[in-house]
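Peer 1: all I have is the shape, not the residue letters:
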DNA sequence: GCGGAATGTCCACTGAGTGGACAGGGAGGG
DNA sequence: CCCTCCCTGTCCACTCAGTGGACATTCCGC
C-alpha cells in the first residue's frame, strides 16, 4: 500500500501560481524569490500557464497576471452552504457600507482559516488576504473574538494547543489568556498594528449558532488612515448588525 | 528570442484539476477519461494535490474533491470592477428571489465567456457552469440576447465570424439571423432544451452601458421542472428589474 | 463462481525537466 | 565615459523525474 510518487513539476507550478495570486501581478524574479524555485524553472512554469491561458503578460509593465481562466481551478469547490448563502451577501453589504474589507474565518486545527473575504470588492484592497489563508489565533482580532466567545475551559485548551510548539509556550499562553480576558470584557476582538500586520487594524466578532461558535468576522482598515478608537467607532456597530443578521438567518434555517 | 519550453507535468496537472472542478468530485478513472491522461499519471497528479492540500479524498465514497486551498490559485484574479462591485450582488439577490442560478457573460472573440455565476448559492445547481467557460453565441439565450441588442450590421458581422469555421457556415448564419430577429422582436433571448444543453431552459437580457453592449445576463432552469412559458412568466420580470438595477448603478458611476 | 470493469501498484526506460552559466541591457554613480 | 550592479531572458548537457504498459487485486452483477 505504498503511495504513488508526487509530480514535482506540478507541485512547483502550483506554488508559483499561488505566489502569483498572492501578489496579484509579479515578475519571474519575484516568484523565484517567493517560492525558492530557480528562475529558469519559473520561466518554464509561466510559459506553461501562458500557453494554457491561465495568466497573461501585461503589455504595459511586462508583469504576469492571472486571467479569468484560473477560476476554473477553484470553482468546483463547494463551501459550506451557510457561508456562501448567508454570510457572503451580508459581508458584501457591510463592505459597501464601510468601504473596508472584511474576512470570515473558521477554526481549522489551531488556526483560523479565511473562508470568505470581500477584498475583491473593497475600494482599497489592503493586505491581500486570500480565502484559504491561515490566520494565527493569538495575533488576530478574529482569533481573540473567537477565543473570547468559547467557554473558558475550551478556550484554555485551544490556547494550550496553539502555543504548544512555541519556544516559550507557557509565557505565550499566559499572555494569550490575558488578551482573551480583555476581549471577553470588551465584547469584541481588537488589533491595531502588531508584528504580524504592522499596517492594519481590525475589529472582530464571533458568529454563534445553536450554542456553537462557528467562526469570526472581522473588518480590516489601514492603520495609517484609521486609528484604533476611530476604527471601533466607525466599524463596530455595523459589524454587530451584520453578525446579528447572519445569526438570525442561520436561526431561521437559511443556512 | 525563442520561448522557453513548457512543463508538461504542470499542464497536465492543471488539466486534471480543472476536470476535477468541473465534476465537483471525481474518481481517478473519470479524470483520466476526461483529460486523456493515462490513469497512473492521474494518480501521481492527485497524489501531488493531496500532499499540497488542494484536494481531499472523501472518506465516504473515496472520490477526490477540491478543498478550500484551491481558492488560493485564483483569488489574485481581479475582475473588472463593475462585475464584482455591481453585477455580482444584484445577481445574488436575483437568485435568492428566483431560486434559479444566473450567469453573467461577456464577449470574448466569437464566444461569450461566463464572468460571474450564482451556481454556488443556487439551491439546485444545474449544469455546473464555471466562470471562464466559453458559451457559444448562437446556441445560448444570452448569445441571442447579446446579438439582438447589437446594431444590425455588427450582429451580422459577428454571426459571420462565429459561423465561419462551420461546415455549412452559410446555412448556419441564415438560421442564426432568423433566431436573432425573433429575439429582437421578443426583447429577450430564449432557449428551452436544445442539443447543447438538453436539460435546461434559459431567458436572457443584454446589459447596456453608454450605448455599448457589455454582456448578457441569463437565468437558467431545469427543463423537466419548468416549461418555456412558465420560465418566462416567472423569471423575465425579475431579470428585467435586475438588469435595470445594474444599468442604473453603472450610469451612476459605481462601476 | 465466473466474466467484466474498476482500483491501485510496479518498474524499466527515456526524454522531459533542470539549473548553472552566460549574454544583453538599463540604471546609477563616480 | 566607463565601471558596477542587478535584472531579464536564453542556452544546453546532464540526469533523474516522470511515464505508461502491464499486472495483481478487489468489487461488482448475473
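Peer 2: Perfect, thanks for sending it. Everything numeric in this text was worked out from a predicted model, so none of it was measured.

Peer 1: which positions in the stretch 51-200 of chain A make contact with chain B?
Peer 2: For the stretch 51-200 of chain A, the contact set with chain B under CB under 8 Å from any CB of the partner chain comprises A:51-52, A:54, A:65-79, A:84-85, A:88-89, A:92-93, A:96, A:113, A:115, A:117, A:120-121, A:128, A:130-133. (Glycine included, C-beta is placed from N, CA and C.)

Peer 1: please list only the buried members of those residues.
Peer 2: A:52, A:54, A:65-77, A:79, A:84-85, A:88-89, A:92-93, A:113, A:115, A:117, A:120-121, A:130-133 (16 or more other CB atoms under 10 Å in any protein chain shown).

Peer 1: tell me which stretches of the stretch 151-255 of chain A form helices.
Peer 2: A:152-163, A:169-186, A:228-251 (DSSP state H, counting those that start in this stretch).

Peer 1: nearest to residue A:25, of those?
Peer 2: helix A:228-251 (28.9 Å; CB to CB).

Peer 1: related to what we said a few turns ago, quick one: which of the buried ones among the residues of the stretch 51-200 of chain A next to chain B sit in helices?
Peer 2: Members of these lying in helices (criterion: DSSP state H): A:52, A:88-89, A:92-93.

Peer 1: DNA strand C contacts on chain A?
Peer 2: A:1-4, A:8-9, A:12, A:37-41, A:44-45 (CB under 7 Å from any atom of the strand).

Peer 1: make it 6 Å
Peer 2: A:1-4, A:8-9, A:12, A:38, A:40-41, A:44 (CB under 6 Å from any atom of the strand).

Peer 1: the domain parsing of chain A - what is it?
Peer 2: Residue ranges for the domains of chain A, per automatic domain parsing: A:8-73, A:81-251.

Peer 1: what is the rounded mean pLDDT of the longest one?
Peer 2: Taken as a whole, domain A:81-251 has an average pLDDT of 91.

Peer 1: and if you look at stretch A:34-46?
Peer 2: So the average pLDDT for stretch A:34-46 ends up being 93.

Peer 1: could you pull out the buried residues of that stretch?
Peer 2: A:34-35, A:37, A:41-46.

Peer 1: looking at those, which one is closest to residue A:219?
Peer 2: Among the buried residues of stretch A:34-46, and counting by CB to CB, the member closest to residue A:219 is residue A:34, at 28.0 Å.

Peer 1: how about residue A:180: what's its closest non-neighbour residue?
Peer 2: Leaving out its chain neighbours, the residue that sits closest to residue A:180 by CB to CB, 6 or more residues apart in numbering or on different chains is residue A:147, at 4.5 Å.

Peer 1: related to what we said a few turns ago, can I get the buried residues of stretch A:34-46 in JSON lines including secondary structure and distance to residue A:185?
Peer 2: Compiled in JSON lines, the buried residues of stretch A:34-46 are given as follows (DSSP: H, G, I helix; E, B strand; the rest coil; distance: CB to CB, whole Å):
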{"residue": "A:34", "secondary structure": "helix", "distance to residue A:185": "40"}
{"residue": "A:35", "secondary structure": "helix", "distance to residue A:185": "43"}
{"residue": "A:37", "secondary structure": "coil", "distance to residue A:185": "48"}
{"residue": "A:41", "secondary structure": "helix", "distance to residue A:185": "52"}
{"residue": "A:42", "secondary structure": "helix", "distance to residue A:185": "50"}
{"residue": "A:43", "secondary structure": "helix", "distance to residue A:185": "55"}
{"residue": "A:44", "secondary structure": "helix", "distance to residue A:185": "56"}
{"residue": "A:45", "secondary structure": "helix", "distance to residue A:185": "50"}
{"residue": "A:46", "secondary structure": "helix", "distance to residue A:185": "51"}
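
Peer 1: can you put those in CSV and add distance to residue B:61?
Peer 2: Formatted as CSV, those follow (distance: CB to CB, whole Å):
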residue, distance to residue B:61
A:34, 37
A:35, 34
A:37, 36
A:41, 37
A:42, 38
A:43, 40
A:44, 37
A:45, 33
A:46, 37
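
Peer 1: also near DNA strand D: which of these, exactly?
Peer 2: Near DNA strand D, by the rule CB under 6 Å from any atom of the strand, you find residue A:43 out of the buried residues of stretch A:34-46.

Peer 1: ok, the nearest residue to residue A:70 once chain neighbours are set aside to residue B:17 distance?
Peer 2: Once flanking residues are discounted, residue A:70 sits nearest to residue B:74: 4.1 Å by CB to CB, 6+ apart. Residue B:74 is 11 Å from residue B:17, where distance means CB to CB, to the nearest Å.

Peer 1: same question, residue A:149
Peer 2: Relative to residue B:17, residue A:149 is positioned 36 Å away (CB to CB).

Peer 1: now swap in residue A:70 and tell me
Peer 2: With CB to CB as the criterion, residue A:70 and residue B:17 are 11 Å apart.

Peer 1: over to residue A:146?
Peer 2: Residue A:146 is 31 Å from residue B:17, by CB to CB.

Peer 1: now swap in residue A:104 and tell me
Peer 2: Applying CB to CB to residue A:104 and residue B:17 gives a distance of 25 Å.

Peer 1: ok, and what's touching stretch A:97-106?
Peer 2: A:83, A:87-88, A:91, A:94-95, A:112-119, A:122-126, A:129, A:135, A:140, A:142, A:146, A:207, A:214-221, A:226, A:234-235, A:238-239, A:242 (CB atoms under 8 Å, 6 or more residues apart in numbering or on different chains).
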